[in-house]
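Asker: pasted the sequence and its predicted model underneath.
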Amino acid sequence: MNKGCTKNVFILLSLFVCVNSKVFASEAESGVDLLRRFIRHNPEQNTTDISNTTLTLPNNDSEPIEEQNKYLLCTNSYEKENMLNIVNQAIMSLYYHNKNIKDDDLYYKYSDDVNIFFKEDENVDIAKINIKIKNTNKYNDIISTLWSPNGPKYFDDNFIDGQIARIYNPNLLMIQQRYQKYNLLFQKYYYSLSRKVHVSKNKTIIGNLHVYVNGPNNDNTEHNIKTIIEYINESEAGINFSEKLKTLSFGLSGYIIKKKRGYIDFTYISTIDDAVSIAPKHCIKREKAIQMLNLIKLRDLFSAE
C-alpha cells in the first residue's frame, strides 16, 4: 500500500469520529469542505505517517451464500466496489490503531488475561480491550459468533435482535441491529457495514463501520439502507451531500482474533462516541470500560470444552 493510500486510511477514520463529534458545526470551515478534505486524498494533510504499517487483505470472498439470503445479494457493481473500498480503509485504520496502542496506554488491568487501553491519537479517542481465551479449539466458533448479526446477544444485555440487510459478498454485509436505549423505554436501529477477513490460518479481522440514521424513520429499513448507500456512493464520487450528513452518525469498531499456542488472543477496538454526552471525559472512559468488560462473557462462554 502506498503512502498516500495509507494516509487516506487514517484520514477516513478521523472523518468518522469528526462527523460523530459534530465538528461540522465549526464556523471556520463548512461541513462539505471539511468532509471533502478528509475523505479525498490531500498530500498536504498533517496526519500520522503509517506507510510502514502493512496489511494485505486477501480476497477470500468466494464462500457460498445461503439460498434463503440470495434475494439480499447486491448486483450493482459500482455500489459493491464503493462499499468494499470504504470498509477496507476502515479495517486498515483498526489495524493501525491496534498496533499503535502500547503498554503505557493501559487504563485498567482487570486480570492477567483481561486488559483495557485508551489512547487519543490525532484527536481520535480509541478504546481497546484484550482478552485471552484459554481454548484454541473455539477459534472458529468465536469468529462465527462475532460475525453473526445476533452475536451481541451473548454479551450485550441491551441487544434485541439483528438481521442481514444487504449482501455484497459472503464476507461483506450490511447488518441491521436493534437495541434498547434510554432505560429500556426506546428501541433504536443501527446499521453496520461489516467485513470479515481471514488474514491467515490463525488470524481473522472483522471490521465494522457503524451508521446510525437519526430521525422519525429510524425503524424504516428500506429508507435507511437507501440513505446509507447514497451517502457512501456520493462520498466516493466527491458529491455535495451535506443534507444527508444531518441524518447520519458514524462509529468504527472491530475484532482481531489470533490463535496462539495455548490460547486465543482476542481484541476489540473502537472509537469512543462522546458526541451527545456532557459528562467529563474520564466518566465517558469509565462507562466505555464497563461496557467493554461485558466481552468477558465470551471468554467464559468459550473457555469451557
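Answerer: The structure has been received and is ready for your questions. Quick caveat, the model's predicted, so the values are computed rather than measured.

Asker: got the contact list for the helix or strand where K132 lies?
Answerer: When elements are assigned from DSSP states H and E, K132 belongs to strand 124-133. Outside strand 124-133, the residues that touch it by C-beta atoms under 8 Å, 6 or more residues apart in numbering are 13-14, 17, 97-98, 101, 112-120, 142, 263-272, 274, 281, 285, 288-289, 292-293, 295-296, 298-299, 302-303. For the C-beta atoms, the positions are set from N, CA and C on the backbone; glycine is no exception.

Asker: tell me the angle of the helix or strand following that strand relative to strand 124-133?
Answerer: Heading C-terminal from strand 124-133, the first helix or strand you meet, by DSSP H and E, is helix 139-147. For helix 139-147 against strand 124-133, the angle by axes from the mean of the first three to the mean of the last three C-alpha atoms, to 10 degrees is 140 degrees.

Asker: hmm, back to that, pLDDT on the strand holding K132, on average?
Answerer: Averaging pLDDT along strand 124-133 gives 93.

Asker: also stretch 171-187?
Answerer: Computed over stretch 171-187, the mean pLDDT rounds to 82.

Asker: burial count for the residue lying closest to T227 once chain neighbours are set aside?
Answerer: Nearest non-adjacent residue to T227, counting by C-beta to C-beta, 6 or more residues apart in numbering: V213, 5.8 Å away. Residues within reach of V213, counting by other C-beta atoms under 10 Å, total 23.

Asker: among the contacts of strand 124-133, name the buried ones.
Answerer: Buried positions within these, assessed by neighbour count (16 or more other C-beta atoms under 10 Å), are 13-14, 17, 97-98, 101, 113-119, 142, 263-264, 266-272, 274, 285, 288-289, 292-293, 295-296, 298-299, 302.

Asker: tell me what the residue lying closest to K288 once chain neighbours are set aside is bridged to.
Answerer: Among residues not flanking K288 along the chain, A127 sits closest, at 5.1 Å (C-beta to C-beta, 6+ apart). Under DSSP bridges, the beta-bridge partners of A127 are F118, S270.

Asker: burial of A127, as a residue count?
Answerer: Using other C-beta under 10 Å: A127 sits among 24 other residues.

Asker: now for this protein, the helix or strand with the poorest mean pLDDT.
Answerer: With mean pLDDT, DSSP states H and E as the measure, the helix or strand of the chain carrying the lowest mean pLDDT is helix 31-39 (a mean of 34).

Asker: host element of C283?
Answerer: Mapping C283 onto the secondary structure by DSSP H and E places it in helix 281-292.

Asker: avg pLDDT for that helix?
Answerer: For helix 281-292, mean pLDDT rounds to 88.

Asker: who's in contact with it?
Answerer: The set of residues that contact helix 281-292 without belonging to it, under C-beta under 8 Å, 6+ apart, is Y107, Y108, I116, F118, D125, A127, I129, Y268, I272, D274, S277, A279.

Asker: TSV for these, including distance to M92?
Answerer: Below are the contacts of helix 281-292 laid out as TSV (distance: C-beta to C-beta, whole Å):
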residue	distance to M92
Y107	24
Y108	28
I116	23
F118	21
D125	19
A127	18
I129	21
Y268	17
I272	20
D274	24
S277	28
A279	31
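
Asker: most widely separated two among the residues you listed?
Answerer: Spanning the widest gap among those are Y268 and A279, at 21.9 Å by C-beta to C-beta.

Asker: ok, back up a step: so after the least confident helix or strand of the chain, what's the next helix or strand?
Answerer: Scanning the chain past helix 31-39 towards its C-terminal end, the next helix or strand to appear is helix 77-100 (assignment: DSSP H and E).

Asker: so what strands line up beside the helix or strand following that next one?
Answerer: Toward the C-terminal end, the helix or strand that comes next after helix 77-100 (DSSP H and E) is strand 106-111. If you go by DSSP bridges, strand 106-111 pairs up with strand 114-121 (antiparallel).

Asker: tilt between the partner strand and helix 77-100?
Answerer: 110 degrees.

Asker: list the contacts for Y190?
Answerer: Each residue near Y190 by C-beta under 8 Å, 6+ apart is listed here: Q176, Q177, R178, Y179, H210, V211, Y212.

Asker: for D104, see how far away I225 is.
Answerer: 42 Å (C-beta to C-beta, to the nearest Å).

Asker: which one's more surrounded, those two?
Answerer: For I225 against D104, the residue with the higher neighbour count under other C-beta under 10 Å is I225, and the figures read 17 against 7.

Asker: without its sequence neighbours, what residue ends up closest to K138?
Answerer: With C-beta to C-beta, 6+ apart as the criterion, K138 has its nearest non-adjacent residue at 4.1 Å, and that residue is F302.
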